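In: Here is my input; please provide its structure:
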Amino acid sequence: MDWLANLFSEVPELALFTSLFLGYLIGRIKFGTISIGGIAGTLIVAIVIGQLGVTISDDAKNIFFAIFIFSLGFVAGPQFFAHLNREGLKLGIFTLIEAVVVVALVLGWTSLLDLDPGTASGLLAGSATESAVLGTATDALGGLPVDADTVKTWQANVATAYSLSYLFGLITIVLFTSQFAEKIIKQPVAETAARIWRRMGGASALGPGESPAVPRIVGRVHEVRAAAGRRVDEVEAALGDRVTIERVRRGDDTFDPDPEARLEAGDLALLTGQRDAVLQCPEVVGPEREATDDLQFAVASRDVWITRTDLAGKTVGEVRADAGPAESRGVYLAGITRGEVELPALPETQVARGDVVTLTGATRDLERVTDTIGVEVPRSTATDFVYIGLGATLGILIGRLAVTLGDVPISLGTGGGALLTGLVFGWYHSRHPTFGNFPPAAARFAKDIGLAGFIAAVGLSVGPQAAELIGEYGLVLPLAGILTVLVPATISLFVGHRLLKVDSPILLGAIAGQQCSTPAGNAVVDKAGNTVPMLGYTVTYALSSVVLPLLGPFVVLLTYQMQ
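Out: Numbering: from 1, shown residues only. Predicted coordinates for the structure are as follows:
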């Protein structure tokens, strides 16, 4: 293995990208329905390669982490601030339970097992299944008033303890939310989710990558007979304002009618709208006819960022009703995205400021509605590096500000400072989407590559300390990780079911979100058969993705004082 060690030592970037390649490959392997994911896989591979004596510059590690934590804050910012209201804080109690109970348990394990600050914070990161804690804790350890060798050892212990506890913590939260919890509370997830879906105005739910064989929004051409002499808006009202007469051919002329225009017998009218309403057109308008080229009509699609504060908390149906037929005419909802999660686009789904709604309809109608509810999401793929660079720079500078308590300097560090400015800059961008563009795909890539690169660099720097820690604690850390997952999840299950009366799909989605566990969230969605669990997941995930990383430095400080 000497040639490989020499190769990696001479070209350390090769070791880093090999860790990414093999780590994400291993992360795809499924054990039943569970996979460990690319981040955990990368850390495991990097720790193994690190045994060859490969090192990565601390500067590279810090740069990767700054990119990740700022991007995380930028993506989470709009939803984090949007959920700081009465409805959001109701589910936010689960994030509070997670934070308080996990910290208490980690401090208990520290006292019982005499853990050092690095091992304790690694246990926190792994059992909370939140990789960002790994970065904030590692950053905080570097600021402790101890010698460099001790810092290096403790930082290595963070990665090893994380890798030992993460895998077992992940399996535990996935099995708890998708298998055991519904049996404990005796409320079937699939049946309850189907009932909620129907109550919200939905029909059958679709799986990932599926589309309906019979689309919800359709277009048809009808000859005007029953509707002869009636105004366009009167006919649309008779169809429940769920159909729009977009184009009319009268003799040799084809035109787009005004709502006040009257239809004449023999007109051919192109109608678009919800399929169940269009099916009533033969009785209300007249018989269906074949569409001709001059009656063809282009339907556009547009993503709109909701910026109006007064819309927050209203259902889709209430928003449409408040707008009235004239304002909402010709525009139909095709999807709702909150953060990076798709929500059910149903009449009873509540919207929040910062949600992105996908609308379909005529371009002129889309422009009218867009100006009413928010701002069109920029289609540009260019990133505003002036805005993003300024945010990251300010975050790093803020992180360097420190106060000394006793002999311990207290600061936000790079992680806390960049997370803070990321939140603020992301929130401001959601209010002014035309300024400071950071396309979602670019933000997601920056977040992913930043975390993956940081994790790989940390794993490579672990070295022989990993074997020493494993030899010292053996199966104790995995067991501690399992219990540190089960206790807060069980408390949240009791509080949500008994006290808050939250329906099981939403409750289990919220429990998955309080752990920032995307695999658990996906498992609950699969169990439910629709996306109802995401209504709970998005709230707690947005809050926990900010709160949990800040616990890293907090636990480091407390456990250091316990030494």
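In: Strands of the stretch 301-450 of the chain, start to end?
Out: In the stretch 301-450 of the chain, the strands defined using DSSP state E, counting those that start in this stretch lie at 331-338, 341-343, 356-361, 374-376, 402-405, 408-411.
In: mind checking which of those strands is nearest residue 43?
Out: Closest to residue 43 of the strands of the stretch 301-450 of the chain, according to C-beta to C-beta: strand 341-343, at 25.1 Å. No exception for glycine: its C-beta is placed from N, CA and C like everyone else's.
In: who does that closest one touch, helix- and strand-wise?
Out: On a contact count with 3 or more C-beta pairs under 8 Å, 6 or more residues apart in numbering; DSSP states H and E, strand 341-343 meets strand 331-338, helix 534-562.
In: Turn the ones you listed into CSV, including mean neighbour count.
Out: Shown next, in CSV, are the helices and strands packed on strand 341-343 (neighbours: other C-beta atoms under 10 Å):
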stretch, mean neighbour count
strand 331-338, 20
helix 534-562, 24
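In: which one of those has the lowest average pLDDT?
Out: In terms of average pLDDT, strand 331-338 trails the rest of the helices and strands packed on strand 341-343, at a mean of 83.
In: and it, which strands flank it?
Out: strand 341-343 (antiparallel), strand 356-361 (antiparallel) (DSSP bridges).
In: Kindly reformat the ones you listed as a markdown table containing mean neighbour count.
Out: Formatted as a markdown table, the strands paired with strand 331-338 follow (neighbours: other C-beta under 10 Å):
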| stretch | mean neighbour count |
| --- | --- |
| strand 341-343 | 20 |
| strand 356-361 | 21 |
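In: Turn those into TSV, columns for distance to residue 301 and mean pLDDT.
Out: Converted to TSV, those look like this (distance: least, C-beta to C-beta, whole Å; pLDDT from 0 to 100):
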stretch	distance to residue 301	mean pLDDT
strand 341-343	15	77
strand 356-361	5	86
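In: quick one: which of the ones you listed is nearest residue 516?
Out: strand 341-343 (12.4 Å).
In: For stretch 388-407, C-alpha coordinates in PDB please.
Out: The C-alpha trace of stretch 388-407 is given here as PDB (Å, rounded to 0.1, in the frame of the first residue of the first chain):
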ATOM      1  CA  ILE A 388     -23.200  36.100  -2.000                       C
ATOM      2  CA  GLY A 389     -19.600  37.100  -1.500                       C
ATOM      3  CA  LEU A 390     -20.600  40.000   0.700                       C
ATOM      4  CA  GLY A 391     -22.800  37.700   2.800                       C
ATOM      5  CA  ALA A 392     -20.100  35.100   3.400                       C
ATOM      6  CA  THR A 393     -17.500  37.800   4.100                       C
ATOM      7  CA  LEU A 394     -19.600  39.500   6.700                       C
ATOM      8  CA  GLY A 395     -20.500  36.100   8.300                       C
ATOM      9  CA  ILE A 396     -16.800  35.100   8.700                       C
ATOM     10  CA  LEU A 397     -15.900  38.500  10.200                       C
ATOM     11  CA  ILE A 398     -18.900  38.300  12.600                       C
ATOM     12  CA  GLY A 399     -17.700  34.800  13.600                       C
ATOM     13  CA  ARG A 400     -14.400  36.200  14.700                       C
ATOM     14  CA  LEU A 401     -15.900  38.500  17.300                       C
ATOM     15  CA  ALA A 402     -15.400  37.000  20.700                       C
ATOM     16  CA  VAL A 403     -15.900  37.600  24.400                       C
ATOM     17  CA  THR A 404     -14.000  35.800  27.100                       C
ATOM     18  CA  LEU A 405     -15.800  34.000  30.000                       C
ATOM     19  CA  GLY A 406     -13.200  32.900  32.500                       C
ATOM     20  CA  ASP A 407     -10.400  31.500  30.300                       C
END
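In: quick revisit: now for the strands of the stretch 301-450 of the chain, which one comes closest to residue 174?
Out: Closest approach to residue 174 among the strands of the stretch 301-450 of the chain (C-beta to C-beta): strand 341-343, 17.4 Å.
In: Could you give the separation of that closest one from the chain centroid?
Out: Taking C-alpha atoms, centre = their mean, to the nearest Å, one finds the center of strand 341-343 at 8 Å from the center of the full chain.
In: check contacts around residue 454.
Out: Residue 454 is in contact with 61, 64-65, 68, 134-135, counting by C-beta atoms under 8 Å, 6 or more residues apart in numbering.
In: same thing but 6 Å
Out: Going by C-beta atoms under 6 Å, 6 or more residues apart in numbering, residue 454 touches 61, 64-65, 68, 135.
In: now residue 315
Out: 348, 350.
In: what's the pLDDT at it?
Out: At residue 315, the pLDDT recorded in the model is 85.
In: now residue 87
Out: On the pLDDT scale, residue 87 is placed at 68.
In: What of residue 371?
Out: pLDDT, read off for residue 371, is 80.
In: From residue 320, how far off is it?
Out: 16 Å (C-beta to C-beta, to the nearest Å).
In: Specify which residue of those two has the higher count of neighbours.
Out: The neighbour count for residue 371 versus residue 320, taken as other C-beta atoms under 10 Å, is higher for residue 320 (19 against 11).
In: State the distance from the more buried one to residue 241.
Out: From residue 320 to residue 241 the distance is 9 Å (C-beta to C-beta).
In: my guess is residue 229 is in a strand, correct?
Out: No: applying DSSP: H, G, I helix; E, B strand; the rest coil, one finds residue 229 to be coil, outside a strand.
In: Could you number the chain from 7 rather than 1 from now on?
Out: With 7 as the first residue, the last one maps to residue 235.
In: How about it: what's its closest non-neighbour residue?
Out: In space, not counting the residues next to it along the chain, residue 235 is nearest to residue 268; the distance is 6.3 Å by C-beta to C-beta, 6 or more residues apart in numbering.
In: For that neighbour, grab the count of nearby residues.
Out: Other residues within reach of residue 268, judged by other C-beta under 10 Å, total 14.
In: which phi and psi does it have?
Out: Phi and psi for residue 268, reported as degrees, to the nearest 10, are phi -100, psi 140.
In: which stretches of this structure have low pLDDT?
Out: Applying pLDDT under 70 to the chain flags the ranges 7, 38-40, 93-94, 206-221, 346, 408, 410-417, 469-473.
In: picking up where we left off before, any chance of the strands of the stretch 307-456 of the chain in a markdown table, with distance to residue 239 too?
Out: Converted to a markdown table, those look like this (distance: least, C-beta to C-beta, whole Å):
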| stretch | distance to residue 239 |
| --- | --- |
| strand 337-344 | 15 |
| strand 347-349 | 31 |
| strand 362-367 | 16 |
| strand 380-382 | 26 |
| strand 408-411 | 66 |
| strand 414-417 | 63 |
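In: out of those, nearest to residue 297?
Out: strand 362-367 (18.0 Å).
In: Can you tell me what sits against the closest one?
Out: Contacting residues not belonging to strand 362-367 are listed as 305, 307-311, 336-338, 340-343, 372 [C-beta under 6 Å, 6+ apart].
In: cool, stretch 83-95 as well?
Out: Residues outside stretch 83-95 that contact it (C-beta under 6 Å, 6+ apart): 345, 358-360, 429, 432-433, 436, 545, 548, 552.
In: can you check stretch 129-138 too?
Out: Counting by C-beta under 6 Å, 6+ apart, 45, 108, 112, 139-140, 167-168, 171-172, 175-176, 457, 487, 490-491, 521-523, 554-555, 561 sit against stretch 129-138.
In: Of those, select the buried ones using a PyMOL command.
Out: In PyMOL, this line selects whichever of these come out buried by 16 or more other C-beta atoms under 10 Å:
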select buried, resi 45+108+112+139+140+167+168+171+172+175+176+457+487+490+491+521+522+523+554+555+561
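In: Just the contacts of stretch 129-138: which are in helices?
Out: Assignment to helices by DSSP state H places the following of these there: 45, 108, 112, 139-140, 167-168, 171-172, 175-176, 457, 487, 490-491, 554-555, 561.
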